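1. I would like to see how this sequence folds:
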Amino acid sequence: MAKVVKANLKMKLKAGQASAAPPVGSTLGQYGVNMMDFINPFNEATREMMGTMVTVHITIFDDRSMAFRVVGAPTDDLIRAKLGIAKGSGRPNSEKLSQKLSQKDLQEIAEAKAKDMNADDVESIKKMVAGTARSMGVEVEA
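-> Residues are numbered from 1 along each chain as shown. Now for the predicted structure:
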């Protein structure tokens, strides 16, 4: 018999650095689950991504057990890091940023996001990343 889902949560945490302090402690505590059952496996699973912001989806079941899935850094964060910019354009249709995303950079970001996307083909993922870049006011080199 399948377990009854009590809550679905989504949090942004630094990889490998989860602790009992907020937001983890306060969020999990209100559902009565043992936060150390999340913190230790999360830190172990994200050790190689240490310090980067990741999104974690947590499913809490009625019997106070839980399951989690780590999603890598958001695409816009990867683009900003690659170009060394703080933010995208406030008006991306009329004001473009001076930095351009090269095809090499586009390929690297697409490969990093491949496990989180709902596509199998890297070319399709490159199109999604390019769309995110355009919505930030970043032009993609041909």
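
2. now the helices: where do they sit in the protein?
-> Residue ranges of the helices in the chain, as given by DSSP state H, are 24-29, 36-45, 75-83, 103-113, 122-135.

3. How is this structure partitioned into domains?
-> 5-71, 75-140 (automatic domain parsing).

4. Just put these in a markdown table and tack on mean neighbour count and mean pLDDT.
-> In this view, the C-beta of every residue, glycine as well, is placed from N, C-alpha and C. Putting the domains of the chain into a markdown table (neighbours: other CB atoms under 10 Å; pLDDT from 0 to 100) gives the following:
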| stretch | mean neighbour count | mean pLDDT |
| --- | --- | --- |
| domain 5-71 | 15 | 88 |
| domain 75-140 | 15 | 89 |
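
5. Show me the residue at the heart of this structure, geometrically.
-> For the chain, the residue nearest the mean C-alpha position is Ala73 (3.2 Å; CA atoms, centre = their mean).
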